[in-house]
Structures are given as structure tokens and as C-alpha cells.
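*Asks:* A structural model of the following input is requested.
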Amino acid sequence: MYNDYDIQTRERISSPQDAIKIACRWAESYGYQLESRFIHQSPVGDFITTGSTLKSLDGRIVSKASGKGIGDQAVASGLFEAVEHAATAHRIPGIYSKIIHTKLQG
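*Replies:* Predicted coordinates for the structure are as follows:
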């Protein structure tokens, strides 16, 4: 199982492609799945907007988010945003308490 602090750290220093893999592996390790879809292409430049969804394995939507950036950067942004929304809204059992416990000890 992944250490939540390590995932956040690796997401910041990883390539967008590696960050996407990290996010998806994290979701799978907790019994969730992440999905991303294209929403919009900026008329100026290569910027895109993606929509991301964190779902339970039975298909229940846990959270939704959007990501912005160039290519896979937008996908990674949206996936991590979806996880963040779910965690801060206490929708992922145990995650919020682990984060608080880590911060209190750190």
C-alpha cells in the first residue's frame, strides 16, 4: 500500500505520465478507480481542460474535479484534484484521519 505523504511528494516531482500512474495505482490500492475525459481545448495555445471522476469499484461517484494544463499535465492535475476533493470532504474512509495524524506527528 502507498504511503500518502510519499504519493504527494512524488506527484510534485514526477512527469505528468508518472503522476497519472501514481494516482491510478493509489486509487486501486484503496478500492477506487479514477477516470479522466477531455472537456475543452483553448483557442489560444495547447491548453486543455479535463474532467476527472473518482469512483468506488461499484461505480458510485465519490468526487469530480477538473484539470488544466498542456496534454497529460491537465489529466494529472484533474486526477489529483479529484482525490483531494474526496479526502478533504471526508469521503475516503480513514484518509483524512491519516493526514491529520501525520501532520500532528510531523
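*Asks:* C-alpha from now on. contacts and neighbour counts both.
*Replies:* Noted.
*Asks:* what's the helix ranked longest in the chain in contact with?
*Replies:* Ranked by number of residues, the top helix in the chain under DSSP state H is helix 72-88. Helix 72-88 is touched from outside by 16-17, 19-20, 23, 34-36, 48-54, 62-69, 92, 95-96, with contacts defined as Cα atoms under 8 Å, 6 or more residues apart in numbering.
*Asks:* give me the mean pLDDT for it.
*Replies:* Here helix 72-88 scores 93 as its mean pLDDT.
*Asks:* buried ones in that helix?
*Replies:* 72-87 (16 or more other Cα atoms under 10 Å).
*Asks:* keep only those of the contacts of helix 72-88 that are in strands.
*Replies:* Of the contacts of helix 72-88, the ones assigned to strands by DSSP state E are 34-36, 48-54, 62-69.
*Asks:* now that we have these, which of them are buried?
*Replies:* 34, 36, 48-54, 62-69.
*Asks:* would you confirm that residue 90 belongs to a strand?
*Replies:* No - using DSSP: H, G, I helix; E, B strand; the rest coil, the assignment for residue 90 is coil, not a strand.
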